[in-house]
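Enquirer: sequence first, predicted model second:
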Amino acid sequence: MNVVLLEKTKQRILRTPKRLNMKYWGTTTKFARRDGGKLFDQLEEPACHTQACVAGEILLAAKLVKIDRKNGGIIGLDGTEGCCLDMRQMATDAIGVNYIKARKLFQFKSWGAGFSDGWPTLFETMYHEAKTPQERAEVTAKRIDHFIATNGAE
């Protein structure tokens, strides 16, 4: 497990809490708009107009992708847009864990069928109860710490 990259990712999340959104990542905030222009799980629009979840932040921390400053969204270093599944695999490879462990960091169990591997209920509940982007970032940082401490088992 690439603990150094996970620690770097955690610091990025704490520095840029407005960008963190576990539901929509690697996309522009315009894409994630719902309910009369509000964003699910996003109290403020990030300055870069791009959202990233843990997997997206891993890719940014590893410098495997960049933010499209003009249009928003996460793009490959060559300027091409990647499929979310490719980006998830890139993040999985970057932190050096298998797909099952990665799912425990990249998704919530509550997302429904097929998502039985996800954040432990305690962390997911804390994330949903957080009132500000900074609080969500702090919960996510704790989630990363727990993931490291359990070697990806939880």
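Expert: Sure, I can see it.

Enquirer: all contacts plus neighbour counts: C-alpha atoms, from now on.
Expert: Fine.

Enquirer: need the pLDDT of the residue nearest to residue 101 when sequence neighbours are not counted.
Expert: Using C-alpha to C-alpha, 6 or more residues apart in numbering and skipping residues adjacent in sequence, the residue nearest residue 101 is residue 152, 5.4 Å away. Looking at residue 152, its pLDDT stands at 95.

Enquirer: identify the residues contacting residue 152.
Expert: Residues in contact with residue 152, defined by C-alpha atoms under 8 Å, 6 or more residues apart in numbering, are 97, 101, 102, 104, 105.

Enquirer: just residue 122 next, same as before
Expert: Residue 122 touches nothing, counting by C-alpha under 8 Å, 6+ apart.

Enquirer: you'd agree it is in a helix?
Expert: Yes: judged by DSSP: H, G, I helix; E, B strand; the rest coil, residue 122 forms part of a helix.

Enquirer: that older thread, ok so the residue nearest to residue 101 is a helix residue?
Expert: No: according to three-state DSSP, residue 152 belongs to no helix; its state is coil.

Enquirer: ramachandran coordinates for it?
Expert: In terms of degrees, to the nearest 10, the main-chain angles of residue 152 are phi 80, psi 0.

Enquirer: distance of it relative to residue 102?
Expert: Per C-alpha to C-alpha, to the nearest Å, residue 152 is found 8 Å from residue 102.

Enquirer: what do you get for residue 87?
Expert: From residue 87 across to residue 102, the span is 12 Å (C-alpha to C-alpha).

Enquirer: re the thing from before, of the contacts of residue 152, closest to residue 22?
Expert: Closest approach to residue 22 among the contacts of residue 152 (C-alpha to C-alpha): residue 105, at 10.2 Å.

Enquirer: assign a three-state SS to that closest one, would you?
Expert: With three-state DSSP as the criterion, residue 105 reads helix.

Enquirer: that one against residue 146, yeah?
Expert: No: shown here, residue 105 and residue 146 do not form a contact pair, counting by C-alpha atoms under 8 Å, at 9.9 Å.
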